[in-house]
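**Q** this one's sequence-less:
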C-alpha cells in the first residue's frame, strides 16, 4: 500500500474506533468554565465522589500535596474528535469545584497519540502520570506492554485492540468488538429472533478493508452462524471511502438483505443509506453501532432517517433521552451546559464520564495517602458499579468476559436518537442477563503483567 493510502486508511480506522484540541502533554486544570458556588461532590446515586480535605504526604508518582496528574489518551491530533478532551474538561471542572480528591486538584495531561504515536505517549505517561483515565486510542495495543511494565493503571473510556482489551491493571473499559466474546449477542439475538425474525436468513455486512475492521466481520460471521442466522451478503469497501455507493446498494438489494451491519465511518453509512433510499429499498434494520450516537450522523443521514431503520446497542449505557428518569444523565447534561456549552454529548462522552467517576470515587475512598495500588484495588471491589446511574450494574471484581451482559437499543429518528420499544426489560432501561457468545477461533489474547515479568504484588 502506498504511504498516502496508508494514512487515509488509518484515519478511517481511527474514526471507526473512536469516532480540536491542544498539543500533546498540555495540561488542563479544569478551569475552562465558571465554578459553581458551593459545588456538591455528589453524582447521581454516588455521594462524595469529590470533596475537600487535607492531603497527606504520599510519594506516589504524579501526586503532590495539591495536585494529581492524570493522563488522558486521545487521537485528537489526527481525528480532531474532541469527545474525550471535552469529557475530561467538564468532569475535572466539576470535581475540582467540589474540592477535588480530598483537597487535591485533578490536572489532566492530554496524551495526543496522533494515531501512530501511542507508544511515545505511553512512555511519557509512565514518567509523569498517576493513572490514565477517560481516554482511548485506536491503536492502543501498541503501548499496552509499556503501560504494564511501568505499572500504570488505566480506566479507559474505550478499548480498541485485542492486546489491550481486558489487559491487566485496566478497569471499566466497557464492551468492545475486540473482546474474545461478542458483547452484542443479546442485541443481535433480539434483532433476528424477536424484533425482525424475517431478517434472520438475510443479513448483510459491509466492512472497511483493514485488518482491524475485517476481523470484526470474521467474528460476527462466526457468531451469527452459531445463532442459526445466515449472512446473505458480505463485502469490503476501501477504507478511504468510495465516490459512489450505488454498486454496494445494488448488491444489497439483489441479495435481498433485510438487516445490515456496517463497520466504518458513519458518514459513509449515511451516504449508502441515501442511495438505498433513492432506490426505494428499505431494510428492516441497520446496525449503525454506538459510534453513530451523535448529531453528526443524524445530520448526515437526515434525508433517509424517515425511511431506514437505524438502530444501535448502547451496551447498558443510559441514553440522553432517559434524563427525565435517570438523574445522573440529567447531571451530565447540566454540567456540559455549565462548563462546555458548545460541546455535544456522545456515546464516547458518556463512557468517559463512567470511567472518570470510577477513578474519582475510588481515589477519594483511599483518603489522604493516595497510591496506585489503593485506587486500583478499591475500584476492583465494586461488585455492582453503575457510575451513579449512568450504566447498568457491572461486577468489576470479575473479568468482563466472564459476566452476563445488558443491552439497550436506540433508534435514529428525524428528531434525534430515541429509546426503541422492546420488552420485557428486566432492569428498567435495559435487558440484562444474556451470555455473550465466546468465539471458537483464536483472535488473540490481552496482555498480562506476567508477559512483562511483573505481578499485581509489584503495584504500589
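**A** Done, it's in. This one's a predicted model, so the numbers in the text were calculated from it and none came from an experiment.
**Q** check contacts around residue 307.
**A** The neighbours of residue 307, taking CB atoms under 8 Å, 6 or more residues apart in numbering as the test, are 277, 282. C-beta coordinates here come from the backbone N, C-alpha and C atoms, glycine included.
**Q** so it sits in a strand?
**A** No. Residue 307: not assigned to a strand; according to DSSP: H, G, I helix; E, B strand; the rest coil it is coil.
**Q** gap between it and residue 366?
**A** 53 Å (CB to CB, to the nearest Å).
**Q** got it, and residue 65?
**A** 15 Å.
**Q** and the two? Which one has more around it.
**A** residue 366 (21 against 12; other CB atoms under 10 Å).
**Q** which residue packs closest to residue 441, ignoring adjacent ones?
**A** Distances taken as CB to CB, 6 or more residues apart in numbering place residue 222 nearest to residue 441, at 6.1 Å, with adjacent residues excluded.
**Q** what helix or strand is the one you found on?
**A** For residue 222, the element it lies in under DSSP states H and E is helix 211-226.
**Q** that helix packs against which elements?
**A** When contacts are defined as 3 or more CB pairs under 8 Å, 6 or more residues apart in numbering; DSSP states H and E, helix 211-226 packs onto helix 3-17, strand 181-182, helix 185-189, strand 203-208, strand 231-237, strand 259-263.
**Q** weakest of these in terms of mean pLDDT?
**A** Mean pLDDT is lowest for helix 3-17 among the helices and strands packed on helix 211-226, at a mean of 45.
**Q** so which residues of the chain form helices?
**A** 3-17, 76-79, 83-97, 118-128, 144-149, 185-189, 211-226, 246-254, 266-278, 295-300, 327-339, 347-365, 372-379 (DSSP state H).
**Q** with mean neighbour count and distance to residue 397 as added columns, please give these in TSV.
**A** Shown next, in TSV, are these (neighbours: other CB atoms under 10 Å; distance: least, CB to CB, whole Å):
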stretch	mean neighbour count	distance to residue 397
helix 3-17	18	28
helix 76-79	20	33
helix 83-97	26	24
helix 118-128	20	26
helix 144-149	22	20
helix 185-189	22	22
helix 211-226	18	27
helix 246-254	16	44
helix 266-278	21	35
helix 295-300	17	36
helix 327-339	19	22
helix 347-365	27	13
helix 372-379	20	10
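**Q** between those helices, which gets the lowest average pLDDT?
**A** helix 3-17 (a mean of 45).
**Q** quick check, distance from the helix holding residue 222 to the centre of its chain.
**A** 19 Å (CA atoms, centre = their mean, to the nearest Å).
**Q** who's in contact with that helix?
**A** 13, 16-17, 138, 160-161, 177, 182, 185, 188, 192, 203, 205, 207-208, 230-231, 234, 236, 239, 261, 263-264, 437, 439-441, 443.
**Q** cool, and stretch 48-68?
**A** With contact meaning CB under 8 Å, 6+ apart, stretch 48-68 is reached by 41-43, 69-70, 94-96, 98-107, 128-131, 357, 360-361, 363-364, 367-372, 388, 460.
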